[in-house]
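# what shape does this take:
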Amino acid sequence: MKILITGGAGSLGMNLLNYFSKKNFNILILDNLTTGNKNVTQFESNNITFKKIDITNYKKLLKEFDFFRPQEIIHLAASYDDPDNWQRDIKTNIEGINNLIDLSKLYNVRRVINIQTILCYKQEFGQIDENGEIKPISSYSISKTAAESYLNLSGLHFISFRLSSVFGPWSFSGPIPIFYKKISNGENCLVTDTYRDYIYVDDFINLFDKTLKNKKLNGIFNVSNGEPISIKEIFNHMIETINPKQKVTVKEIKNSNDDVKKIFLDSSKIRKALNWKPQSKFIDSLKKTILWYDKNGVGKSFTHLKKK
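The predicted structure is shown next:
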């Protein structure tokens with residue numbers, strides 16, 4: 001099977017490529033490397049090829065479609081590094097998906113697998129299923145939600161996974177890599193009692209394995225572990241694992257008015273459809289992630305959430 005992966009040099013992309021490197025798929029990776037890992041070329045082989053291309057460049061994208069003729073697309077590319085640069089979010093996340101939709105129709109792509117964010121939902125206390133109120137509040141989540149809507153209206157066979165926070169190797173966004181860097185360097189840390197839902201990347205890869213084998217799967221699905229944990233708990237587990245004797249000043253801050261204390265996803269729909277469920281235990285997975293950081297480093301940590 002020929003699979004085109006956009007944004008393949010990001011966190012999810014690198015883990016998927018590690019998976020595909022052990023499989024017999026023909027893979028074309030596209031990434032503009034604005035935030036992606038330049039070491040993505042380590043996965044190049046006889047059946048995995050990398051091209052530095054921006055998906056908003058229609059002419060270059062057309063050339064790659066015409067040459068490669070993908071059968072399926074895994075769309076990971078997104079703009080979210082700078083929360084104030086809404087123009088780039090709109091261009092990449094909306095213009096990019098429209099280019100992919102147009103070319104998918106032109107070249108008869110069988111299926112598009114899209115990655116969406118939990119931030120598409122109204123941020124309210126409790127568990128949310130796929131029928132939850134859609135109310136994105138940032139340029140990133142607004143543009144990603146619009147992109148999902150365009151895909152839904154396109155008539156293409158598509159899947160959109162609305163993801164909770166994924167962590168593990170090559171993950172450089174969110175509190176886990178930020179805490180790792182600060183604890184390792186003895187820097188001050190801010191924690192809250194906000195609860196969020198985290199899923200280990202191995203469980204995400206297992207989901208993709210089942211998805212690729214199920215050619216009929218179609219529609220929108222929440223993907224999560226379903227067991228929320230507080231930011232404060234994550235910090236405590238990390239300092240205990242990294243160095244319990246490390247002197248770090250910890251300041252607990254109150255949640256802001258628009259920061260919901262506890263929000264997590266109901267993923268029962270995808271669990272039933274694929275007979276899938278996360279197998280990883282959070283603490284064990286966190287320790288594996290820390291060991292990976294110890295060996296490989298963290299790189300640039302960032303968040304798509306606007307700083308207060």
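
# can you show me the helices along this structure?
Using DSSP state H, the helices of the chain run over residues 11-20, 58-68, 86-90, 96-106, 139-153, 175-184, 201-213, 231-242, 268-274, 282-296.

# C-alpha coordinates for the last one, PDB please?
What follows is helix 282-296, C-alpha atoms only, in PDB (Å, rounded to 0.1, in the frame of the first residue of the first chain):
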ATOM      1  CA  PHE A 282       0.600   5.900  32.800                       C
ATOM      2  CA  ILE A 283       3.400   5.600  35.400                       C
ATOM      3  CA  ASP A 284       5.200   2.900  33.500                       C
ATOM      4  CA  SER A 285       4.900   4.900  30.300                       C
ATOM      5  CA  LEU A 286       6.100   8.000  31.900                       C
ATOM      6  CA  LYS A 287       9.200   6.200  33.100                       C
ATOM      7  CA  LYS A 288       9.800   5.000  29.600                       C
ATOM      8  CA  THR A 289       9.400   8.500  28.200                       C
ATOM      9  CA  ILE A 290      11.900   9.900  30.800                       C
ATOM     10  CA  LEU A 291      14.400   7.200  29.900                       C
ATOM     11  CA  TRP A 292      14.000   8.200  26.200                       C
ATOM     12  CA  TYR A 293      14.600  11.800  27.100                       C
ATOM     13  CA  ASP A 294      17.700  10.800  29.100                       C
ATOM     14  CA  LYS A 295      19.100   9.200  26.000                       C
ATOM     15  CA  ASN A 296      17.900  11.500  23.200                       C
END
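
# now do the buried residues in that helix.
282, 285, 286, 287, 288, 289, 290, 292, 293 (16 or more other CB atoms under 10 Å). Quick note: C-beta positions are derived from backbone N, CA and C, even for glycine.

# how about the fifth one?
By 16+ other CB under 10 Å, the buried positions in helix 139-153 come out as 139, 140, 141, 142, 143, 144, 145, 146, 147, 148, 151.

# how far away is the closest residue to the fifth one other than its chain neighbours from residue 148?
Counting by CB to CB, 6 or more residues apart in numbering, residue 143 lies nearest to residue 93, which is 3.7 Å off, once chain neighbours are set aside. Distance, residue 93 to residue 148, using CB to CB, to the nearest Å: 10 Å.

# likewise for residue 160?
5 Å.

# shared neighbours of the two, anything?
By CB atoms under 8 Å, 6 or more residues apart in numbering, residue 160 and residue 148 have these common neighbours: 114, 116, 220.

# from those, pick the one nearest residue 228.
Residue 228 has its nearest neighbour among the shared contacts of residue 160 and residue 148 in residue 116, at 19.1 Å by CB to CB.

# just the pLDDT for the closest one.
Listed pLDDT for residue 116 reads 96.

# test of understanding: give the bridge partners of it.
residue 162 (DSSP bridges).

# right, and it touches residue 146 too?
No - if you go by CB atoms under 8 Å, residue 116 and residue 146 don't touch, sitting 10.8 Å apart.

# where in the stretch 201-308 of the chain is pLDDT low?
255-260, 299-308 (pLDDT under 70).

# next, count neighbours for the closest residue to residue 296 other than its chain neighbours.
Spatial nearest neighbour of residue 296, excluding adjacent residues (CB to CB, 6+ apart): residue 169 at 7.4 Å. Other residues near residue 169 come to 18 when the count uses other CB atoms under 10 Å.

# so who does the residue nearest to residue 143 touch?
78, 79, 140, 143, 144, 146, 147.

# and if we set it to 7 Å?
By CB atoms under 7 Å, 6 or more residues apart in numbering, residue 93 lies in contact with 78, 79, 143, 144, 147.

# circling back to that earlier point, tell me which of the helices of the chain sits nearest to residue 128.
Here helix 268-274 is closest among those (CB to CB), at 11.7 Å.

# just name whatever secondary elements the closest one is in contact with.
Helix 268-274 sits against helix 201-213, strand 219-223, with contacts defined as 3 or more CB pairs under 7 Å, 6 or more residues apart in numbering; DSSP states H and E.

# how about the longest one: buried residues?
Of the residues in helix 201-213, those buried by neighbour count under the rule 16+ other CB under 10 Å are 201, 202, 203, 204, 205, 206, 207, 208, 211, 212.

# quick check: angle from it to strand 219-223?
160 degrees (axes from the mean of the first three to the mean of the last three CA atoms, to 10 degrees).

# relative to helix 11-20, how tilted is helix 201-213?
Using the same axes, to 10 degrees: helix 201-213 against helix 11-20 is 60 degrees.

# give me the contacts around helix 201-213.
15-16, 19, 113, 159, 166-169, 171, 217, 223, 274, 276, 278-280.
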